[in-house]
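1. this one's sequence-less:
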């Protein structure tokens, strides 16, 4: 296996791409969301439909920002755990 930094550099590791299609709970929620959105859009007049789409886009943007922030926090936490593991001077031999 190559160096993880090289793998990341060459695009062989893409932590921002996740596949949930194998998770039946996710698939069910996605299908329910899409069907509900489609049905709701049929009921709305054009100004309200436009407002709803703007709302959905803002929600998606907030979710994306949150995902990036959670990834950053998780990565930093993992790094801090590794630092603690390698600098632990306890007498238990680990």
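-> Arrived safely. None of the values given here were measured: they were computed from a predicted structure. Numbers count the residues shown, from 1 in each chain.
2. domain assignment for the protein?
-> Per automatic domain parsing, the structural domains of the chain span 1-43, 46-89.
3. please, which helix or strand holds residue 67?
-> Residue 67 is part of helix 46-87, with elements assigned from DSSP states H and E.
4. hang on, the earlier thing: now the weakest link among the domains of the chain, please, by mean pLDDT.
-> The minimum mean pLDDT among the domains of the chain belongs to domain 1-43 (a mean of 86).
5. chain center to that domain: distance?
-> From the chain centre to the centre of domain 1-43 is a distance of 8 Å (C-alpha atoms, centre = their mean, to the nearest Å).
6. and if you look at stretch 57-73?
-> 7 Å.
7. about what we covered before: adding mean neighbour count, write the domains of the chain out as CSV.
-> Any C-beta I mention is one placed from the backbone N, CA and C, and that applies to glycine too. Formatted as CSV, the domains of the chain follow (neighbours: other C-beta atoms under 10 Å):
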stretch, mean neighbour count
domain 1-43, 10
domain 46-89, 10
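8. next up, the contacts around residue 69.
-> Contacts for residue 69 (C-beta atoms under 8 Å, 6 or more residues apart in numbering) come out as none.
9. for residue 54, same thing?
-> Contacts of residue 54 (C-beta under 8 Å, 6+ apart): none.
10. alright, I will stop here.
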